[in-house]
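K.L.:
Give the three-dimensional model of this entry:
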Amino acid sequence: MRVLLQRVRSASVSVDGRMNGAIGPGLVALVGVTKDDTEETARRLAEKTANLRVFSDAGGKMNLSLLDVSGGALVVSQFTLYADARRGRRPSYIAAAQPELAEPLVRHFADCLAVAGVQLVQQGVFGAYMQVEIHNDGPVTIWLDSDYL
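P.N.:
Residues are numbered from 1 along each chain as shown. The predicted model follows:
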């Protein structure tokens, strides 16, 4: 599983011109799932996300977590995180999990954020063509990969 985190002042996701989720300050989590991922993988990455110290304290140092700042999380499925563009000009997505495996794991990741204490967890619509509006804060962008946990 791969999670690309962006610290945001606000973010939203819309499908067909209708807003499906929005947060104020917090993190956008673009989540990609591969064939070998499990609920345990999703849980570990959600806990890492909730506790990652990427928000500034009073001294301006990144010492605070999403939980510490009571921030929100916007979770958006993103199979293209598993794109392989090493050959040719058209990326291959063969490493991305099929929807029947990926959808419940993305949902489980979001559920685990809530269990970890994130007060506002919003989600995109799995498999839909989404427009994600992100107002970066920093910008701060962190790449999490289950292969390195």
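K.L.:
check contacts around the closest residue to Ala95 other than its chain neighbours.
P.N.:
Closest residue to Ala95 apart from its sequence neighbours, by Cβ to Cβ, 6 or more residues apart in numbering: Tyr82 at 4.3 Å. For glycine as for every other residue, the C-beta is placed from the backbone atoms N, C-alpha and C. The contact partners of Tyr82, taken as Cβ atoms under 8 Å, 6 or more residues apart in numbering, are 2, 32-34, 93, 95-96.
K.L.:
Gly32 versus Tyr82, what's the distance?
P.N.:
5 Å (Cβ to Cβ, to the nearest Å).
K.L.:
who touches both of those two?
P.N.:
Common neighbours of Tyr82 and Gly32 (Cβ under 8 Å, 6+ apart) are 2, 96.
K.L.:
Specify which member of the contacts of Tyr82 is nearest to Gly71.
P.N.:
Arg2 (21.0 Å; Cβ to Cβ).
K.L.:
quick one: the residue nearest to Ala95 from Phe126, how far?
P.N.:
Applying Cβ to Cβ, the value for Tyr82 to Phe126 is 15 Å.
K.L.:
Just after the longest helix seen in the chain, pick out the following helix or strand.
P.N.:
Criterion DSSP state H: the longest helix present in the chain is helix 99-116. With elements assigned by DSSP states H and E, the helix or strand that comes after helix 99-116 is strand 120-123.
K.L.:
Quick one: residues in contact with that following strand.
P.N.:
Applying Cβ under 8 Å, 6+ apart, the contact partners of strand 120-123 are 13, 20-23, 26, 71-76, 106-107, 110-111, 113-114.
K.L.:
Now do the strands in this protein.
P.N.:
Along the chain, counting by DSSP state E, strands occupy 2-15, 18-23, 26-32, 55-56, 62-64, 72-77, 120-123, 130-145.
K.L.:
can you give me the angle the second one makes with strand 72-77?
P.N.:
Read it as strand 18-23. Strand 18-23 runs at 130 degrees relative to strand 72-77, counting by axes from the mean of the first three to the mean of the last three Cα atoms, to 10 degrees.
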